[in-house]
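Colleague: Please work out how this folds:
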Amino acid sequence: MNIQKYQKMDMYLKNISIYSNYVNCLTRVIKDFIENENINIKHIDAVYIAEILENYTNELHTKIMSMKSSWEFD
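Modeller: Have a look, this model is predicted:
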């Protein structure tokens, strides 16, 4: 694999790692809210967090599909 392909794959993997961490964190917050009805989080906050989670999930999917389309096996 040449250097440019390696750098491009490294960039995609870093982005996927970042977005997957966001998704993981927000999922844990929503799960904690549902299980424990955390009094620090209001119902409307959970809606906003779910919307942000949806955006990060879509971005994660986009990054994975971009990586898949640019991946070339030598």
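Colleague: Now do the longest helix anywhere in the chain: which elements does it pack against?
Modeller: Identified as the longest helix of the chain according to DSSP state H is helix 3-36. With contacts taken as 3 or more CB pairs under 8 Å, 6 or more residues apart in numbering; DSSP states H and E, helix 3-36 sits against helix 43-70. Backbone N, C-alpha and C define where each C-beta goes, glycine included.
Colleague: where does this structure dip in pLDDT?
Modeller: 1, 38-39, 72-74 (pLDDT under 70).
Colleague: Apply 50 and report the result again.
Modeller: Applying pLDDT under 50 to the chain flags the ranges 74.
Colleague: Report the inter-axis angle for the longest helix of the chain versus helix 43-70.
Modeller: Going by axes from the mean of the first three to the mean of the last three CA atoms, to 10 degrees, helix 3-36 is angled at 160 degrees with respect to helix 43-70.
Colleague: starting at the chain centroid, how far to helix 3-36?
Modeller: Centroid displacement of helix 3-36 relative to its chain, using CA atoms, centre = their mean, to the nearest Å, is 4 Å.
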